[in-house]
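Asks: Quick one, fold the following:
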Amino acid sequence: MKKILRLWASTFYLIILLLSVNAATSHRGTTRLNSDPNGTLGGQPGGPQIRWEDFDHSECRQVCTAGGVTYFCMFCENTIHIEFGCVKEETMCAYLPNTRDAVEPIIESSVVAADQVEIVLKDDTPSMWWKAIRVFACDGRQWEIHTEGKRRTDSTTISAGDLNCTSLEFKKAAVLGFKVPAFWLGELDRRLSGGTRVTFRYIHDFG
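Replies: Sure thing, here's the model as predicted:
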């Protein structure tokens with residue numbers, strides 16, 4: 001009995017320790033919009049790198065599975081197949097490489113100041129789990145925008161002149177609430193320019 005109690009106590013202590021580490025990490029990654037020019041310094045984006053072309057193949061669509069019955073007609077000596085039409089509808093997704101996520105970037109031109117670019121995170125998945133985009137600016141500053149629960153969208157802006165040296169790290173909540181990098185995107189200037197708004201719309205999210 002004492003061994004069981006000691007085992008439970010050790011397990012409980014380990015969980016508390018892990019949650020404490022996660023809390024400290026979350027505190028360092030608190031959302032910092034451009035209204036806070038200081039941000040946090042240092043570090044590199046984590047997770048696999050993706051490219052703009054990867055988004056072009058990331059999508060979800062509704063697929064209808066047809067049903068029917070096939071039987072042998074004894075009188076006509078032939079096989080007959082009768083279709084029942086759509087009997088099952090399901091969502092099929094093409095994911096980003098090395099992920100189980102489908103994200104759609106929506107780019108709008110000439111909607112913000114010519115020397116700025118707006119970055120928007122939008123969660124259209126049913127999960128409502130915590131998601132974030134962490135901005136790694138050219139000067140080493142970092143800040144995050146995030147969604148969670150009823151907070152379905154968040155945004156920030158970056159200087160248009162920094163597009164070629166700014167990276168975006170996409171993060172998600174994982175097991176026990178740990179917030180970890182999922183993937184990151186660089187070379188923002190390949191598709192963005194001054195005055196544009198890009199909305200990264202989560203269509204599908206897997207854990």
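Asks: Every contact and neighbour count from this point should use C-alpha atoms.
Replies: Noted.
Asks: Using the record's domain definitions, break the protein down for me.
Replies: 30-58+95-204, 60-93 (automatic domain parsing).
Asks: Highest mean neighbour count out of these?
Replies: Among the domains of the chain, domain 30-58+95-204 has the highest mean neighbour count (mean count of other C-alpha atoms under 10 Å), at a mean of 17.
Asks: for Asp205, what are its contacts?
Replies: The contact partners of Asp205, by C-alpha atoms under 8 Å, 6 or more residues apart in numbering, come to Arg100, Asp101, Ala102, Thr125, Ser127.
Asks: switch the cut-off to 7 Å
Replies: When contacts are counted by C-alpha atoms under 7 Å, 6 or more residues apart in numbering, Asp205 touches Arg100, Asp101, Ala102, Thr125.
Asks: which of these lies closest to Asp56?
Replies: Of all the contacts of Asp205, Asp56 sits closest to Ala102, with 10.3 Å by C-alpha to C-alpha.
Asks: quick one, phi/psi of that closest one?
Replies: phi -120, psi 120 (degrees, to the nearest 10).
Asks: who's it bridged to?
Replies: His204 (DSSP bridges).
Asks: That one touches Ile203, doesn't it?
Replies: Yes. Judged on C-alpha atoms under 7 Å, Ala102 makes contact with Ile203 at a distance of 5.4 Å.
Asks: all strands for this structure, in order.
Replies: Under the criterion DSSP state E, the chain contains strands at 40-41, 49-50, 59-73, 78-94, 102-108, 116-123, 131-136, 141-147, 153-159, 167-173, 179-185, 197-204.
Asks: residues contacting His204?
Replies: Asp101, Ala102, Thr125.
Asks: would you turn those into TSV with distance to Gly46 and pLDDT?
Replies: Putting the contacts of His204 into TSV (distance: C-alpha to C-alpha, whole Å; pLDDT from 0 to 100) gives the following:
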residue	distance to Gly46	pLDDT
Asp101	16	82
Ala102	18	85
Thr125	23	88
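Asks: could I get the residues you listed as CSV with distance to Pro48?
Replies: Formatted as CSV, the contacts of His204 follow (distance: C-alpha to C-alpha, whole Å):
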residue, distance to Pro48
Asp101, 13
Ala102, 15
Thr125, 22
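Asks: Between the residues you listed, which sits nearest Gly161?
Replies: Ala102 (28.8 Å).
Asks: how much space between that closest one and Phe200?
Replies: Distance of Ala102 to Phe200, computed by C-alpha to C-alpha, to the nearest Å: 10 Å.
Asks: same thing with Glu104?
Replies: Separation of Glu104 from Phe200 (C-alpha to C-alpha): 6 Å.
Asks: How about Ser159?
Replies: Look at Ser159 and Phe200: by C-alpha to C-alpha, they are 18 Å apart.
Asks: what's the nearest residue to Ala132 if we skip its chain neighbours?
Replies: Nearest in space to Ala132, with sequence neighbours left out and distances taken as C-alpha to C-alpha, 6 or more residues apart in numbering, is His146 at 4.0 Å.
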